[in-house]
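>>> I'll drop the sequence and a predicted model, then ask my questions.
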Number of protein chains: 2
Amino acid sequence: MSKQTGVGEYLINRLYDLGVRHVFGVPGDYALSFFKELEKSRLELINTCDEQGAGFAADAYARVKGLGVVCITYGVGGLKVTNTTAQAFAEKSPVVVISGAPGMKERVKNPLLHHKVRDFDTQLKVFRELTIDSALIDDPETAAPEIDRVLNSAIKYKRPVYIELPRDIVSLPVKPHKAARREPLASEADVLEEALGEAVAIINKSRKPVIIAGVEIHRFGLQDKLLQLLDKTNIPLATTILGKSVISETHPLCMGVYEGAMGREAVRKYAESSDSMILLGTFMTDVNLGIYTANINRAHSICATSEGIAIRHHTYEDIGIHDFMDGLLNEGIKRRKTTEIPHPPIPKRPKPMKGKKISVGYVFNTLNSYLGEKTVVIADPGDAMLGALDMVIQMETEFLCPAYYCSLGFAVPASLGVQAARPDLRPLVLVGDGAFQMTGMELSTIARFGQNPIVVVFNNEGYGTERPMIDGTFNDIHPWSHSRIPGVLNRGVGFDINTEDELQQALATAVKDTKNFYILDVHLHKADRSEVHKRLTSALSKRVK
Amino acid sequence: MSKQTGVGEYLINRLYDLGVRHVFGVPGDYALSFFKELEKSRLELINTCDEQGAGFAADAYARVKGLGVVCITYGVGGLKVTNTTAQAFAEKSPVVVISGAPGMKERVKNPLLHHKVRDFDTQLKVFRELTIDSALIDDPETAAPEIDRVLNSAIKYKRPVYIELPRDIVSLPVKPHKAARREPLASEADVLEEALGEAVAIINKSRKPVIIAGVEIHRFGLQDKLLQLLDKTNIPLATTILGKSVISETHPLCMGVYEGAMGREAVRKYAESSDSMILLGTFMTDVNLGIYTANINRAHSICATSEGIAIRHHTYEDIGIHDFMDGLLNEGIKRRKTTEIPHPPIPKRPKPMKGKKISVGYVFNTLNSYLGEKTVVIADPGDAMLGALDMVIQMETEFLCPAYYCSLGFAVPASLGVQAARPDLRPLVLVGDGAFQMTGMELSTIARFGQNPIVVVFNNEGYGTERPMIDGTFNDIHPWSHSRIPGVLNRGVGFDINTEDELQQALATAVKDTKNFYILDVHLHKADRSEVHKRLTSALSKRVK
């Protein structure tokens, strides 16, 4: 490393080394010096309309690429990405938040500079609550090790981190520094041996083991190990909602998503009749487990996550999930005979009835029949996400949704992030009309960077998922003519869809034309709901009785 | 109060008593029970597209009405209004943030509920950094005094506060409670006497006193006292940027805005040649004082704010600004003879040259000539705000801009808040094209509630205020055809404006039609700037030399 490397350049080089190629953000005066460095660098900057869009895009990029970056200015920028950072924290997405800030020399005597809230460290304090590690880079002498520590934390824990860059630090030369070795999460050998011994014994004694795979399989790069485990043991697998597509759902051992009473009944029966449920990298959250309709018998379960291992009712700490999975692979789990399992059904493309009013069910069946190896499905919380759970994803990591934290407005900006990371994929974006009003205008950024998602707006005149809970005029929204948005953006193609044949025609056109983004405004009946949503409502009402 | 009053109802009644009539927000499941209470109540709910819009609207409402409320759900809602709350904190706008939250019973054993970040109190901790007071209402026994305390803090300090309402608390009956008396900020009598004696002596001894009025004059309800002081003493007055329009700018003693080298030279000369500058309720911030081009001689200044009094180089604490102003009124400040002062010039409506390319200067001169007693000007940070500083506001509190914290995207949602509070006024919204992309689609809410602002988009192809600092492609944005947005919203009227005559025609039409909102997309030259911006750039470049 040259002696002349500045602090900003050092940070950019480290991000590049870690695989980052794009940065999402909105400039502001305290961040301009770093934006200038970005412009000169090998990283591509993607300016969004609002910082919120940049935050969601960086989160999605991180989910696909392993690390994402959002870069914004102090206060008015940083405090606009608190929610997106919170989502990344909750769902273990390693996002680096880089905030410009007033220069250290400007802070002397604590003047009232613009964009300041209470004290100069207010924003830093807020981000300490929302990230796994953070640093104010206030000294070029220590900048390099500070930056390394924080970036390593993002990689190690798969959580967001925060770096605050005062504007007068960016171009100062960093002190030469020996990059710290990334420490692996070491397991305690004795603890590991005992846990593995117990786990293998339970699995081998069981009649009907089943694996439930969660999103950490993807986050911690364990997909290959999981596939080897399936190959070796022939044990069938389902995923959680967040874990959907950690392996291809067309894999012969894959049953699709296990989500309690929200999911397909056959998967639920298979999983819940198992006498050894092996949960790997699974968040035990409410939505992820079908709003607690999942019936997991802890007396028969083995649960391994990055935070520890639980077998039956006891827990082991200080074991890495990597080591535990290696152990399962190597410790003689016996191979099972092939059994009958409920594969997720791929529907044939339904024939349209000309002029027949479109329904949620018809939309999902049709979209499902269009999925290919080059389609990535991105679903916004709400019925767009619930309905999508029944879709069959053909390749790894080609389904994204924030199924735990559930922040509306994720999907459109997430598409931006996904397609930056994987230009070979075409996003199919599923979003409710309520969520679209939050961030949908990031289609502007999609237009600017020439991306080509197909965006399906489930237009049911408001917050449809809330209506069965408590309804009122507060769940209504102002109607938008979404198909006219391409006219505002001078790019893209819009369709209004009221009937089955209109949907088929629009999709046929959209699939053929890879040069444009498409927005399909699907006008649904206000009370129409997906099959998954109906199953959930029915199960919850039974529980109340 | 009936024994049956629930916690939610109690909070609503207290807000009503404090003058609140509208609540801005977006529902979410943890907040639905409170939204249902709101629907039943005397308060009107205004649903915005995104929580950010609700936050800005509530801030603007608070600036006009004395108290504003934003109501959102936990996590995905609350963390979207951190930035708007920070702005309200920085600029002393009393906004009550009410967040729904998981029920207290749901929190037992710390399960992974959706919308949770790290711990159940993460959001509360974040808002402690951004508000002056906060409470988690976890017990109906103490709910009433807790709510009272927090609301009183908002009123007393004119800063935002945070109330977290777990969803299982909303309908529980509050314990009857004697409402706490609001304590006035009491001054120490001896301190007050000494400070007043010194101030009055300085003022009476001076040859050329001048008053600089800041935004606290409005926030703390001191406008009448200030007018009395002018009447009695005949001392001329200028305001800061944030304080613009604390009194009508057509008042015979008003010189307009004093903003260092950014402002009109005659005002600067008058103010800076004064031998007694009386600053009342003024924030000494960078932008507010012309990016530090203001030259305030502390040896001749008296500065009174809600946080203390400074005279020359020493400070007095424990004095309320109310008491200090009462003292100035009653302690025999002598009346001055009328002198020549530089009144702000109201330009005649400029004649349009048919086909002549529109310029920033022409736009502001024209708009200025349209201002009437029923126009409220709302300016977004950037050149829209800078240019607006030269406009002459005819009534009190009819100019709003976030001149200290400077969060882009304020103006459109602020218009929503202002017109809810003051339906008799018609907003003239001035916003840059960059800022418009952040929150401009809140025009949807404006359409839904039948409001009629005239929105002028200063379309100069990006972040024009940043270009003179450091320019790059990061300051460019994707072009929108703003005039087509009414087509998306099925309401409102759009105009594309390239020439002087087009502007005159569009304004004439918009002013006549009070039934619709108007959006005027003014296509400016990329390098064109307002007079204020030019003065600022010129002053800063002189300082560098």
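Happy to help now that I have it.
>>> where does the stretch 251-400 of chain A dip in pLDDT?
Counting by pLDDT under 70, the stretch 251-400 of chain A contains low-confidence ranges at A:286-294.
>>> can you tell me the residue of it closest to chain B?
As assessed by Cβ to the nearest Cβ, chain B sits closest to A:T285 within the stretch 251-400 of chain A, at 3.8 Å. (Each C-beta comes from the backbone N, C-alpha and C, glycine too.)
>>> next: the stretch 101-250 of chain A.
Closest contact between the stretch 101-250 of chain A and chain B, by Cβ to the nearest Cβ, is at A:L112 (3.8 Å).
>>> pretty sure that residue sits against B:F283.
Yes. Under the criterion of Cβ atoms under 8 Å, A:L112 makes contact with B:F283 at 6.2 Å.
>>> tell me which of those two has more neighbours.
Neighbour totals were compared for A:L112 and B:F283, and B:F283 leads with 24 against 14 (other Cβ atoms under 10 Å in any protein chain shown).
>>> contact partners for A:P381?
By Cβ atoms under 8 Å, 6 or more residues apart in numbering or on different chains, the contact set of A:P381 is A:C401, A:P402, A:A403, A:C406, A:S407, A:L408, A:F410, A:A435, A:T465.
>>> hmm, try it at 6 Å
Neighbouring residues of A:P381 by Cβ atoms under 6 Å, 6 or more residues apart in numbering or on different chains: A:C406, A:L408.
>>> same question for the one 3 residues further on.
Contact analysis of A:A384 by Cβ under 6 Å, 6+ apart lists A:L430, A:V431, A:G432, A:F458.
>>> report the separation between the residue of the stretch 251-400 of chain A closest to chain B and A:C406.
From A:T285 over to A:C406 the distance is 10 Å, taken as Cβ to Cβ, to the nearest Å.
>>> spatially, what comes nearest to the residue of the stretch 101-250 of chain A closest to chain B if we skip its sequence neighbours?
Excluding the flanking residues, the one nearest A:L112 by Cβ to Cβ, 6 or more residues apart in numbering or on different chains is B:T285, at 3.8 Å.
>>> ok, the one you found touching B:A403?
No. Using Cβ atoms under 6 Å, B:T285 makes no contact with B:A403, being 7.9 Å away.
>>> low-confidence bits of chain A, can you list those?
In chain A, residues with pLDDT under 70: A:1-3, A:179-185, A:286-294, A:540-545.
>>> quick one, domains of it?
Domain segmentation of chain A under automatic domain parsing yields A:7-166, A:189-330, A:360-534.
>>> Throw these into CSV and include distance to B:A447, thanks.
Shown next, in CSV, are the domains of chain A (distance: least, Cβ to Cβ, whole Å):
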stretch, distance to B:A447
domain A:7-166, 20
domain A:189-330, 33
domain A:360-534, 6
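>>> check contacts around A:D17.
Not one residue lies near A:D17 by Cβ under 6 Å, 6+ apart.
>>> now swap in A:S306 and tell me
Shown in contact with A:S306 (Cβ under 6 Å, 6+ apart): A:E216, A:I321.
>>> rerun at 10 Å
For A:S306, the contacting residues are A:92, A:156-158, A:185, A:216, A:219-220, A:222, A:281, A:319-322, by Cβ atoms under 10 Å, 6 or more residues apart in numbering or on different chains.
>>> likewise for A:S134?
Applying Cβ under 10 Å, 6+ apart to A:S134 gives the contacts A:97, A:123-128, A:146, A:150, A:153, A:160-164.
>>> picking up where we left off before, wait, isn't the residue of the stretch 251-400 of chain A closest to chain B in contact with A:E259?
No. Under the criterion of Cβ atoms under 10 Å, A:T285 makes no contact with A:E259, lying 11.2 Å away.
>>> and the helix or strand in which A:Y270 is found, what's buried?
In this structure, A:Y270 sits in helix A:265-272 according to DSSP states H and E. Neighbour-count burial for helix A:265-272 flags A:V267, A:R268, A:Y270, A:A271, A:E272 (criterion: 16 or more other Cβ atoms under 10 Å in any protein chain shown).
>>> one more: stretch A:131-142?
Within stretch A:131-142, the residues scored as buried using 16+ other Cβ under 10 Å are A:T131, A:I132, A:D133, A:S134, A:A135, A:L136, A:I137, A:D138, A:P140.
>>> from A:I333, how far out is the nearest residue to A:T239 once chain neighbours are set aside?
Spatially, and ignoring its direct neighbours in sequence, A:T239 is nearest to A:A213 (4.8 Å; Cβ to Cβ, 6+ apart). From A:A213 across to A:I333, the span is 16 Å (Cβ to Cβ).
>>> tell me which of those two has more neighbours.
Applying other Cβ under 10 Å to A:A213 and A:I333 shows that A:A213 carries more neighbours, namely 27 against 19.
>>> beta partners for the more buried one?
Under DSSP bridges, the beta-bridge partners of A:A213 are A:T239, A:L280.
>>> what ranges do the strands span in the stretch 301-450 of chain A?
Taking DSSP state E, counting those that start in this stretch as the test, the strands found in the stretch 301-450 of chain A are A:301-305, A:308-311, A:314-316, A:375-379, A:399-400, A:426-432.
>>> can I get the last one as PDB, trimmed to CA atoms?
Meaning strand A:426-432. Extracted C-alpha coordinates of strand A:426-432, given in PDB (Å, rounded to 0.1, in the frame of the first residue of the first chain):
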ATOM      1  CA  ARG A 426     -34.300 -10.300 -14.000                       C
ATOM      2  CA  PRO A 427     -36.300  -9.300 -10.900                       C
ATOM      3  CA  LEU A 428     -39.900 -10.100 -10.500                       C
ATOM      4  CA  VAL A 429     -41.000  -7.600  -7.900                       C
ATOM      5  CA  LEU A 430     -44.200  -8.200  -6.000                       C
ATOM      6  CA  VAL A 431     -45.500  -5.300  -4.000                       C
ATOM      7  CA  GLY A 432     -48.700  -4.100  -2.500                       C
END
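>>> what pairs with that strand, parallel or antiparallel?
Under the criterion DSSP bridges, strand A:426-432 sits next to strand A:375-379 (parallel), strand A:454-459 (parallel) in its sheet.
>>> nearest to B:A310, out of these?
strand A:375-379 (55.6 Å; Cβ to Cβ).
>>> where's the closest one relative to the chain centroid, distance-wise?
11 Å (Cα atoms, centre = their mean, to the nearest Å).
>>> got the phi/psi numbers for A:I519?
The phi/psi pair for A:I519 (degrees, to the nearest 10) reads phi -130, psi 120.
>>> I'd like the distance from it to chain B, if you could.
Per Cβ to the nearest Cβ, to the nearest Å, A:I519 is found 11 Å from chain B.
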